[in-house]
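Trainee: Provided below are the primary sequence and the corresponding predicted coordinates.
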Amino acid sequence: METRVRCYVCIGMEVLRYVLPHLLAGCLAGVVASVGLVATNLGSLRDLVLNTDGGWVAFALLTFGLVVTFGSIAIGGAIMAIGSREE
């Protein structure tokens, strides 16, 4: 029984070691994208963030949405690439 539990834990750790770097890369890409959108003032986003009372809320929501989206895309791509990995 203990070996079965250990085996499940080992598999879980392998999956985390494989997926976590992809998740972090996707989250970083989401933050970079949101900062880039605001920095370039695309769609007057910088004006919205800096000149309204709740501008930081808009920036936080934009960043959160992009982090979730890019992180999910990175994890999905990593999972779909598992079968095509050459070892």
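Mentor: In hand now; what should we look at? Numbers count the residues shown, from 1 in each chain.
Trainee: In terms of secondary structure, what does the helix or strand bottoming out on mean pLDDT in the chain contact?
Mentor: When the helices and strands of the chain are compared on mean pLDDT, DSSP states H and E, helix 2-39 comes out lowest with a mean of 85. If contacts are counted by 3 or more CB pairs under 8 Å, 6 or more residues apart in numbering; DSSP states H and E, helix 2-39 sits against helix 45-51, helix 55-80. In this view, the C-beta of every residue, glycine as well, is placed from N, C-alpha and C.
Trainee: angle of it against helix 55-80?
Mentor: If you take axes from the mean of the first three to the mean of the last three CA atoms, to 10 degrees, helix 2-39 sits at 130 degrees to helix 55-80.
Trainee: chain center to helix 2-39, what's the gap?
Mentor: Distance of helix 2-39 from its chain centroid, counting by CA atoms, centre = their mean, to the nearest Å, is 8 Å.
Trainee: So for it, what gets flagged as buried?
Mentor: His22, Leu23, Gly26, Cys27, Ala29, Gly30, Ala33, Ser34, Leu37, Val38 (16 or more other CB atoms under 10 Å).
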